[in-house]
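Q: Return atomic coordinates for the entry below.
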Amino acid sequence: MKLNRSIAQLSRWLHIYVSMISFAIVFFFAVTGLTLNHPDYFAGELKSFNEKGKVDPAWVNVPDTNAIKKLEIVEQLRKTLNIKAALNEFRIDDSQVSASFRGPGYGADVFIDRSTGDYEATITKAGVIGILNDLHKGRDSGSGWSVLIDVSAILMSLVSLTGIILILYIKRKRLNGLVIAAAGLILAWLVYVVWVR
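A: Numbers count the residues shown, from 1 in each chain. The predicted structure is shown next:
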């Protein structure tokens, strides 16, 4: 009896405070779930533009590809094109060097002619909705955001489990609560069977 009371108290405490700690992130994933599921209604603005420029030809016009000045190229591109996203890919082939930068709602692809150092860049920026959708999916958002997604999933699971445990300790509402939880599960399964499978 004392153990049951302790479990109920702990579950109540966890349910309340984990819900409050995770409120903002749960709300974020709920709203962005809607924007992702209805792109026709929540289409973000996508802007794309091109830039041209030049890097020092000595950085790229060398026979030994190991001697290409990768760091200098990336830093100059960041500075001149105002790139804040992470470097996603850096490729070297016989005639050109390419650098790709990615971030939530952002992309920059730069192609540098190895003989002259001239480059062309295509920069794409999404609006706020595009940024939020990419954050929801964890696309190009880095390891820190990936950890936040994992933590939020754990918190949401903990809130759900403590809610089920709590309903088991409320005798007057236990049966109705479990029936409603089962109905939600069956409804989700039926939607999958009828409209998805």
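Q: ok, and for the lengthiest helix in the chain, which residues are buried?
A: Across the chain, the longest stretch assigned as helix under DSSP state H is helix 142-168. Using 16 or more other C-beta atoms under 10 Å as the burial criterion, the residues of helix 142-168 that qualify are 149, 152, 155-156, 158-159, 162, 165-167. No exception for glycine: its C-beta is placed from N, CA and C like everyone else's.
Q: Can you name the element that comes right after that helix?
A: Downstream of helix 142-168, the first helix or strand assigned by DSSP states H and E is helix 171-191.
Q: my guess is T162 meets Q9, correct?
A: No. Look at T162 against Q9 with C-beta atoms under 8 Å: they stay out of range, at 11.3 Å.
Q: So in this structure, where's the weakest helix or strand by average pLDDT?
A: Ranked by mean pLDDT, DSSP states H and E, the weakest helix or strand in the chain is helix 2-21, scoring a mean of 90.
Q: Pull the distance from the helix or strand that comes right after it to the chain's centre.
A: Next helix or strand after helix 2-21 toward the C-terminus (DSSP H and E): helix 23-37. Distance of helix 23-37 from its chain centroid, counting by C-alpha atoms, centre = their mean, to the nearest Å, is 12 Å.
Q: Then stretch 173-184?
A: 33 Å.
Q: what's the answer for stretch 16-26, then?
A: Relative to its chain's centre, stretch 16-26 lies at 19 Å (C-alpha atoms, centre = their mean).
Q: Ends of that stretch, what's the gap?
A: End-to-end distance of stretch 16-26: 14 Å, with C-alpha to C-alpha, to the nearest Å as the criterion.
Q: ok, now stretch 98-108?
A: One end of stretch 98-108 sits 10 Å from the other (C-alpha to C-alpha).
Q: Same check on stretch 101-111?
A: Stretch 101-111: ends 12 Å apart by C-alpha to C-alpha.
Q: Repeat that for stretch 77-91.
A: End-to-end for stretch 77-91, by C-alpha to C-alpha: 15 Å.
Q: hmm, back to that, what packs against the longest helix of the chain?
A: Applying 3 or more C-beta pairs under 8 Å, 6 or more residues apart in numbering; DSSP states H and E, one finds that helix 142-168 contacts helix 2-21, helix 23-37, helix 171-191.
Q: Now do the buried residues in the shortest one.
A: To tie it back to what came earlier, the one meant is helix 23-37. 25, 29, 32, 35-36.
Q: Which residues does it contact?
A: Residues external to helix 23-37 that are found in contact with it (C-beta atoms under 8 Å, 6 or more residues apart in numbering): 42, 129, 132-133, 135-137, 148, 152, 155-156, 159.
Q: circling back: quick check: which of the helices and strands packed on helix 142-168 is nearest to I83?
A: helix 23-37 (24.8 Å; C-beta to C-beta).
Q: I'd like the average pLDDT over the next helix-or-strand element following the closest one.
A: Per DSSP H and E, the first helix or strand lying C-terminal to helix 23-37 is strand 46-54. For strand 46-54, mean pLDDT is 95.
Q: Which elements pack onto strand 46-54?
A: Counting contacts by 3+ C-beta pairs under 8 Å, 6+ apart, strand 46-54 packs against helix 70-81, strand 118-126.
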